[in-house]
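> I would like the atomic coordinates for the input below:
(one chain, ligands or ions: 1)
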Amino acid sequence: MRLSLRFIIPLTLALAAIAYAVVPLVDGLTLRWFARDIDMRSNLVANVVHDSIQESLASGSKTRTLRVFDKIIEDERLYALGFCSASGGPPIATKTFPAEIGCADLGVFADPSKKVLQSDKGPLHVAVVGIDADGSRLGDLVLVHDMSFVQRRSEETKRYVFLFFIGLGAVVSLITVVIAQLSWRGWMEGVRALMRGEGLLRPAGTAPPATLPELRPIASDLRALIRDMESEYRARDESQVTWSPEALRTILRDDLRGEDILVVSNREPYIHARRGDRIEVSRPASGLVTALEPVMRACSGAWIAHGSGTADRDVVDANDHVMVPPGKPSYTLRRVWLTDEEEAGYYYGFSNEGLWPLCHIAHVRPTFRTADWKQYNEANRKFAIAVAQEAKTADPIVLVQDYHFALLPRMIREKLPDATIITFWHIPWPNPEAFAICPWREELLNGLLGSSILGFHTRFHCNNFLDTVDRTLEARVDRETFEVTYGGKPTAVKRYPISIEWPPADTLTGKPVAECRADVRRRNGLPPDHFVGIGVDRLDYTKGIIERFLAIERLFDLEPRWIGRFSFIQIAAPSRSKIEEYQEFETRVRALADRINGRFAGGSAPPILLKVEHHEPPEVYEHYRAADVCCVTSLHDGMNLVAKEFLASRDDERGVLILSRFTGASRELPEALIVNPYDIDQCAAALHLALTMPEAEQRDRMRIMRGLISEFNVYRWAGRMLLDAAGMRKRGKLREPAH
Ligand code: F6P
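Numbering: from 1, shown residues only. Next up is the predicted model:
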């Protein structure tokens, strides 16, 4: 509309100006034409009345002549008539004869341009015609015509010409604006279609054109330009931002209109459990919770999770809400209740006996049962209902977490078609052959492709996912843009390496390193100068705990000087203990620790201190800060945040990290001692190297790795996803049909 006005107003003004210039020209022209006509008429009148005037003059009676004259001027146009005798003297003239006309000056009226006389009666036309008798000149007959009718007509003409130009202007403007609007819309639709990768707009129901018309040559350039601008914008934004809770809040406020976010995960961030007659709150051992909890504290909103604690129901309100963190509430925890049957099928069965071993190459055979699959569907549906209940708008931002919810994105999309759904897969994604053994592979992929964005830790996992989709579904996989289009809807597949809170909370690093070292050694009956290694894991077969213990045994075999001088504290949080595989694994781990401790019992301290129990984060950090070396030897791991936590805990820049090359973290932290956990000799050598590493080298390595985490902290991880979501929502608006 504004565009149209901007066009119409100047055009109308221009045409009005033209009208003003043209009207006087038309005016002059019509005046000249009328003067010529009246001239001719005067001659005609003179010819007609010649004889009667001649006779009256010949009679010598002035009265008779005047009577003739009065008779003649009854004609409405002829205003006055006079006769100037050739012998001179005053004219014989009607009463109306203008005084300005003198018989001596009649020669003036021979000039056509001087024939119109402006008098107080209006314009008068003066024509002079000679009256002869018998070949001699009697005098001149002066015919004066009233030209006011010409003026009237001229006024009318002016009005019509002016109105004509105004009308013309309006019509031209209208036509131009309509054409411009149509072609602008068409062009914009073309551009939108190009951005969707569909080519140009075409009439509904017709096949896409084989060759695209006028926009085709610029299609790829346009897409490349938009991609460049986006990545430049993001890179600039990312590098300029100091990634903190405040930075996240700014993104939510400025880029996402202050939207609340909804997080969905199986594991809840706070578990309420009954201990006798008291209710205790604890934080579960979960990388996912470690990463997302600070993000939620920064963003508020609601976190929807399975209420699994024995006292969880006792602390929620009527909507199953409880504000957390306890003592400093900043977001809502919405608990979803699962029956024992649902938990057994969805969590223990399909998620952890099926998908977990399927995605981790840890040589444990996945088990898929139809009954588990049904419960997995049911549980996902329950969470979809909870998301719809918690959504405050029709287009919320929902962060779906992990392999427990592969079906959830599609279910949310069905309930909230305009939601921005960011799904993050915290564990590895296997290659297509490995994934193909899942009987419900198509359903899982279809579910995940309900997401707007699907995130993995590494580029390798993104590639595996694209390969899997390519092999399994009739979908368009764009390897240049990392986008999958399925059922006409795109899903961006992106790499977001997860991280931890930085700087770490004072409650975690407040206790001085020297005190941590002394207290941990004392509590474990170790001498003050004893070398200590630390491992912090859930008791899970993917974590490489068996291989780690074997490496310690090998170290003692190869370098006996460490016997009695080095002990390894393994914190092993009990996990999924209802699953037989996990029970057997715990048995194997305990047996191995006992065997190794038995072998090297001669020393003053046992080689392995195995602590199969839950530790709260401050205790875990105390151990990190007390250790000389930290071992992260997963057989396969999405990221592994223990590695990053250990580095964050060491503000003294001491300690060595041994890191499995099969973790996502090893891609970001090459300054760690990178090992193949299956190569026991190599791991033993790495332990020896770590225990003998000069302090300066420890510091140099630590500085680089801590620098990286400080820059790429969890706020940046979440911020990048939210910025991408914001960009997507803006592009979505652009793609909407113009109104
Ligand atoms: O990070 C992977 C992950 O499976 C999370 O999804 C989960 O919260 C965590 O490890 C611990 O597992 P669980 O929730 O089964 O105890």
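
> what count of nearby residues applies to residue 133?
Close neighbours of residue 133, defined as other Cβ atoms under 10 Å, add up to 14. (C-beta placed from N, C-alpha, C; glycine too.)

> leaving out sequence neighbours, find the closest residue to it.
Once flanking residues are discounted, residue 133 sits nearest to residue 54: 5.4 Å by Cβ to Cβ, 6 or more residues apart in numbering.

> list the contacts for residue 311?
272-274, 279 (Cβ atoms under 8 Å, 6 or more residues apart in numbering).

> the helix or strand hosting the residue nearest to residue 133 packs against which elements?
Residue 54 belongs to helix 2-59 when assigned by DSSP states H and E. Helix 2-59 is packed against helix 62-72, strand 78-85, strand 122-133, strand 136-146, helix 148-196, with contacts defined by 3 or more Cβ pairs under 8 Å, 6 or more residues apart in numbering; DSSP states H and E.

> change it to 10 Å
helix 62-72, strand 78-85, strand 92-93, strand 116-119, strand 122-133, strand 136-146, helix 148-196 (3 or more Cβ pairs under 10 Å, 6 or more residues apart in numbering; DSSP states H and E).

> nearest to residue 420, of these?
Closest to residue 420 of the helices and strands packed on helix 2-59, according to Cβ to Cβ: helix 148-196, at 16.9 Å.

> and that closest one, how far out from the chain's middle?
Relative to its chain's centre, helix 148-196 lies at 38 Å (Cα atoms, centre = their mean, to the nearest Å).

> again, but for stretch 671-678
Centre to centre, stretch against its chain (Cα atoms, centre = their mean), the figure for stretch 671-678 is 39 Å.

> and for stretch 384-393?
22 Å.

> for it, buried residues please.
Across stretch 384-393, burial judged by 16 or more other Cβ atoms under 10 Å covers 384, 386-387, 390-391.

> and if you look at stretch 348-368?
348-360, 362, 364, 366-368.

> where exactly do the strands run in the stretch 301-450 of the chain?
Taking DSSP state E, counting those that start in this stretch to define them, one finds strands in the stretch 301-450 of the chain at 302-306, 321-324, 331-336, 397-401, 420-424.

> quick one: closest of the ones you listed to the ligand.
strand 397-401 (6.7 Å; Cβ to the nearest ligand atom).

> what about the closest one and the ligand, touching?
No: on the criterion Cβ under 6 Å from any ligand atom, strand 397-401 is out of touch with the ligand, staying 6.7 Å away.

> tell me which other helices or strands that strand touches.
Against strand 397-401 (3+ Cβ pairs under 10 Å, 6+ apart) you get strand 261-265, helix 287-299, strand 302-306, helix 370-390, helix 408-415, strand 420-424, strand 453-456, helix 714-735.

> helices and strands around the fourth one, which ones?
The one in question is helix 370-390. Helix 370-390 packs on strand 261-265, strand 302-306, strand 331-336, helix 340-342, strand 397-401, helix 408-415, helix 441-448, going by 3+ Cβ pairs under 10 Å, 6+ apart.

> ok, back up a step: among the contacts of residue 311, which one has the most neighbours?
residue 272 (24 neighbours).

> that residue reaches residue 284, doesn't it?
No: Residue 272 is beyond contact range of residue 284, at 11.8 Å (criterion: Cβ atoms under 10 Å).

> any residues in contact with both of those two?
Contact criterion Cβ atoms under 10 Å, 6 or more residues apart in numbering; residues bridging residue 272 and residue 284 by contacting each: 308-309.

> what count of nearby residues applies to the closest residue to residue 20 other than its chain neighbours?
With sequence-adjacent residues excluded and distances taken as Cβ to Cβ, 6+ apart, residue 20 is closest to residue 162, at 7.9 Å. The number of residues packed near residue 162 is 16, by other Cβ under 10 Å.

> if anything else comes up later, I'll come back, but that's it for now.
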